[in-house]
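Engineer: Just a sequence and a predicted model for now, questions to come.
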Amino acid sequence: GPSSSSTSDVSNEAAKPLSKTRILNLTVLALSLLCCTFSTLMYTLERRWTLKESIYFTLTTLNTLGMGDITPTTPFTKLLTGFFSITGSLI
């Protein structure tokens, strides 16, 4: 009947292997989320910024906007910011 063919279509769709483009997109998304999470955590711990400030700074840095209202001051956070700026440009 019609109901059994629609369920087999769903299971056939799930069994298809992922395309290379899909895998690349998922990899970039995973790396972006990992980078944002790590960066936010590091700024929160190192600079004692609030979570909101850390997320804001991370997103403006990764998007290479650099608003200038919050800036890193320690050598470690300057190095971290440089790394994440380059990572944001590559992603």
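Structural biologist: That came in fine, so what should we check first?

Engineer: Helix or strand next in line after the least confident helix or strand in the chain by mean pLDDT, which one?
Structural biologist: One helix or strand of the chain scores below all others by mean pLDDT, DSSP states H and E: helix 2-15, with a mean of 58. Following helix 2-15 in sequence order, the next helix or strand is helix 20-47 (DSSP states H and E).

Engineer: quick one: that following helix to chain centroid distance?
Structural biologist: 3 Å (C-alpha atoms, centre = their mean, to the nearest Å).

Engineer: Check stretch 81-91 too.
Structural biologist: For stretch 81-91, the distance to the chain centre is 11 Å (C-alpha atoms, centre = their mean).

Engineer: If you count neighbours, what's buried in it?
Structural biologist: 81, 84, 87-88 (16 or more other C-beta atoms under 10 Å). For the C-beta atoms, the positions are set from N, CA and C on the backbone; glycine is no exception.

Engineer: What lies in contact with it?
Structural biologist: Here stretch 81-91 makes contact (C-beta atoms under 8 Å, 6 or more residues apart in numbering) with 28, 31-32, 35, 39, 58, 61-64, 66, 72.

Engineer: for stretch 23-39, same thing?
Structural biologist: Contacts for stretch 23-39 (C-beta under 8 Å, 6+ apart): 18, 54-55, 58-59, 61-62, 80, 84, 87-88, 91.

Engineer: Swap in 7 Å and give it another go.
Structural biologist: With C-beta atoms under 7 Å, 6 or more residues apart in numbering as the test, stretch 23-39 has contacts from 58, 62, 84, 87, 91.

Engineer: Tell me which two in the residues you listed are the farthest apart.
Structural biologist: Largest separation among the contacts of stretch 23-39 by C-beta to C-beta: Thr58 and Ile91, giving 12.7 Å.

Engineer: Of the contacts of stretch 23-39, just say which sits nearest to Arg22.
Structural biologist: Ile91 (17.1 Å).

Engineer: per-residue pLDDT, the closest one?
Structural biologist: We have a pLDDT of 73 for Ile91.
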